[in-house]
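S.K.: Pasted the sequence and its predicted model underneath.
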Amino acid sequence: MSPSNMNMNSRIVFFEERNFQGRSYECSSDCADMSSYLSRCHSCRVERGCFMIYDRSNYMGNQFFMKRGEYTDYMSMMGMSDCIRSCRMIPMHRGQYRMRIYERENFGGQMNEMMDDCDNIQDRYRMSNCMSCNVMDGHWLMYEQPQYRGRMMYMRPGEYRNFMNQGMRFMSMRRIMDSYY
């Protein structure tokens, strides 16, 4: 199955109540505003693929990574409110992963090129933080704290000039690998 066919088969189902009860909404692509489909969300099932879910419309607010599996009460497990307002399907990537991280905004300061996961940029690169990056290949999760902890942000290929706009700085990053699918 080609990666494009795999992406078309991605599917997540959201439920208003815990344990997959109540009204549900099925999604197989990006959805910028789910509020017209569900008033709240307490559980979900990722049947195929990977998704980022957001607590605000238009892919804003806190982000959470969801891979294949059942989440019977993920709200309390992840410390989220019951407001899931948007979701983004993460396309499968096959090939190399490359990202340049910069110590300052607008690609300033120390630069390092990454091709694999990094649990602590301070230990590995002697960087105090990451304030901008250029994702050249692959899809990545960036975390506010070392060891893949704290708030996270999904990064797809592109230039990210200033993380201060999101009020975040990043200390660890991990590739979204095809084994998650």
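M.R.: Yep, that arrived.
S.K.: what pairs with the residue lying closest to Ser28 once chain neighbours are set aside across the strands?
M.R.: Leaving aside its sequence neighbours, Ser28 sits nearest to Arg11 (C-beta to C-beta, 6 or more residues apart in numbering; 4.8 Å). Every residue, glycine included, has its C-beta placed from N, CA and C. Under the criterion DSSP bridges, Arg11 forms beta bridges with Arg48.
S.K.: Surely Arg11 touches Cys27?
M.R.: Yes - counting by C-beta atoms under 8 Å, Arg11 sits close enough to Cys27 to count as a contact (7.2 Å).
S.K.: Out of these two, name the residue with the larger neighbour count.
M.R.: Cys27 (20 against 17; other C-beta atoms under 10 Å).
S.K.: show me where this protein has strands.
M.R.: Using DSSP state E, the strands of the chain run over residues 11-17, 21-27, 43-48, 50-56, 60-66, 69-71, 86-90, 98-104, 108-114, 132-137, 140-145, 149-155, 158-160, 172-175.
S.K.: middle-most residue in the chain, spatially?
M.R.: Centroid-nearest residue in the chain: Tyr154, 3.5 Å away (criterion: C-alpha atoms, centre = their mean).
S.K.: any idea how far that one is from Arg175?
M.R.: 12 Å (C-beta to C-beta, to the nearest Å).
S.K.: Next, show the common contact partners of these two.
M.R.: Any residue near both Tyr154 and Arg175 by C-beta atoms under 8 Å, 6 or more residues apart in numbering counts here, and that gives 139-140.
S.K.: If you average pLDDT per helix and strand, which one of this structure comes out bottom?
M.R.: Scoring the helices and strands of the chain by mean pLDDT, DSSP states H and E places helix 3-8 at the bottom, with a mean of 45.
S.K.: Could you report the pLDDT at Arg88?
M.R.: According to the prediction, Arg88 has pLDDT 97.
S.K.: Same check on the one 10 residues further on?
M.R.: What the model reports as pLDDT for Arg98 is 98.
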